[in-house]
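# Sequence below, structure please.
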Amino acid sequence: MPAEPHLQRSDTPRPKVGIVHLGPGAFFRAFNAPFTAEAMEKSGGDWGILTVSLRSSDIREKLKPQGCAYTAVKLAPDGAEYTVVEVIDDVLVAPENPEAVLTAMADPQVKIVSTTITEKGYCHNPATGALLMDHPDIVHDLSHPEAPRSAIGYIVHALNRRRLAGHAPFTLMPCDNLPNNGPLTRSVILDFARALDPELAEWITDNGRFPATMVDRITPATTPVDIASLATAQGYIDNACVMHEPFRQWVIEDDFVNGDRPDWGGVGAQLVNDVEAFELMKLRCLNGTHSTLAYLGYLAGYETIADTVADPAFANLINALWKNEITPTVPEPEGEDLLAYCAALLERYQNPAIRHRTWQIAMDGSQKLPQRLLGTVVDNLAAGRGIPGLALGVAGWMRYVGGVDEKGAAIEVKDPLADQLRAAYDSSDDPEEKVLALLAIKEVFAPELAGNPVFRNAVTDAFMRLSHDGARATVQGFS
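So this is what the prediction gives:
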């Protein structure tokens, strides 16, 4: 029996490139790219996307043989739907040809540069939001304008080329789960620009645009089983395919250079004046409970979020978190119902077709914890409310970064601070001392929070219960 053919792009004429996107991972291909393809189908425009991988050639090797087409697979409880997306024009691998990336970003035809580079890609201190001027990539990029390494370096050096050529800047649109991602990105870009050339910083201040966004679609990592299932269903092999849930929500601050953007609003995005309330709702209600479930669920032996919330004790935990500790800190965005939003989140978590691994969500926790959990902690402490569920989530993270699960097996901790976290965890055999050592890591915990006795005692108590009873028993005993 002959093998299935590989997916190939259709002969439809390609649009001109109007967007450069940094970070062509699964989320971008399951979210930004389909939204843009649909917007062009509805309203036209040259909004083809040139994607840039800042590190690996893996995505390029999967996409290029297919003409940069790929399949987005919607995983609903009642079955899958398949959409071939053909909006990507090319994939560049930055370390192989930095000049090609800078040239593309400096092209005045490019109106938007967007990013899904994860929290650590912004080279900032998650606890303060400041650019890490001593970050090795930032130090390198300030003195190597022709060959940057970081997203920040590429963005600022490309903006400088446009300034010197007399062109308008591109709009920089971050699409990562960061609080106030537009203002934060603007801040780190200006920090870098000021160190490079104060006149450049002034030009960016006067002319640049950094719209905040809120993005939401659960996108599990694609597995060989997913690729094989697609081949069986559709009759072709697609090594670049992505899996995603049916739900999607994109809230965008409508603030673009010269107003240039695709008609995302025409295909379901919400174009608003202020994203902050939507962003806070998502970061705290979804991302906060997602991370809590990831750490505690992994420790309890559950592979996926769906497996974790199938345990009534974990469902009860996040329902209590939403009701008592999270939603009291979230202003209700216009047109939203927080209780209904949280109920819908639980249904999304329970979708058995979405195999979103707890280990995947647990990655880079040192970068995620401040905005997903610690901001909520701070607001509750200021209001005099208890934080038992939030403290349990933080303690779960502490147990996880220790690198050994409850059966004594090694945990592959993927985190830019992994070595520092493990050293702090291993600095003492005493559970209370472990907590204090981890709280002393200023890249994660602001000193005023780490020194708060209510927070410190709540986390220590939860950590000791996890250490003694294990994650599942501790969650079962939560009330």
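
# Every contact and neighbour count from this point should use C-alpha atoms.
OK.

# Just want the phi and psi numbers for the closest residue to Leu373 other than its chain neighbours.
Leaving out its chain neighbours, the residue that sits closest to Leu373 by C-alpha to C-alpha, 6 or more residues apart in numbering is Gly288, at 5.5 Å. Gly288 adopts backbone torsions of phi -60, psi -50, taken as degrees, to the nearest 10.

# quick one: Gly288 and Gly393, what's the gap?
Separation of Gly288 from Gly393 (C-alpha to C-alpha, to the nearest Å) stands at 9 Å.

# Run through who's touching the helix or strand encompassing Ser291.
Using DSSP states H and E, Ser291 sits within helix 288-299. By C-alpha atoms under 8 Å, 6 or more residues apart in numbering, the surrounding residues in contact with helix 288-299 are 303-305, 308-309, 314, 318, 321, 357-359, 361-362, 372-373, 392-394, 396-397, 400, 405-406, 470-472.

# cool, stretch 9-29 as well?
Stretch 9-29 is contacted from outside by 45-54, 59, 66-69, 72, 86-87, 89, 104-105, 109-117, 151, 217, 219, 221-222, 242, using C-alpha under 8 Å, 6+ apart.

# Over to stretch 217-228?
Under C-alpha under 8 Å, 6+ apart, the answer for stretch 217-228 is 26-27, 30-31, 237-239, 241-249, 354-357, 360.

# Show the buried residues in the residues you listed.
26-27, 30-31, 237-239, 241-246, 354-357 (16 or more other C-alpha atoms under 10 Å).

# just to revisit the earlier point, looking at the contacts of stretch 217-228, which are in helices?
Ala26, Phe27, Ala30, Gln360 (DSSP state H).

# Would you check that the third one makes contact with His244?
Yes - between Ala30 and His244 a contact is recorded at 6.3 Å, counting by C-alpha atoms under 8 Å.

# Overlap in contacts, the two.
Joint contacts of Ala30 and His244 (C-alpha under 8 Å, 6+ apart) are Ala72, Arg217, Thr219.

# wait, is the last one part of a strand?
No - following the definition DSSP: H, G, I helix; E, B strand; the rest coil, Thr219 is coil and is not counted among the residues of a strand.

# quick one, phi/psi of it?
Taking degrees, to the nearest 10, you get phi -130, psi 90 for the backbone angles of Thr219.

# ok, and the closest non-adjacent residue to it?
Leaving out its chain neighbours, the residue that sits closest to Thr219 by C-alpha to C-alpha, 6+ apart is His244, at 4.6 Å.

# picking up where we left off before, quick check: neighbours shared by Gly288 and Gly393?
Counting by C-alpha under 8 Å, 6+ apart, the shared contacts of Gly288 and Gly393 are Leu373.

# hang on, the earlier thing: pull out the buried residues from the contacts of helix 288-299.
Neighbour counting by 16+ other C-alpha under 10 Å classes 303-305, 308-309, 314, 318, 321, 357-359, 361-362, 372-373, 392-394, 396-397, 400, 405-406, 470-472 among the contacts of helix 288-299 as buried.
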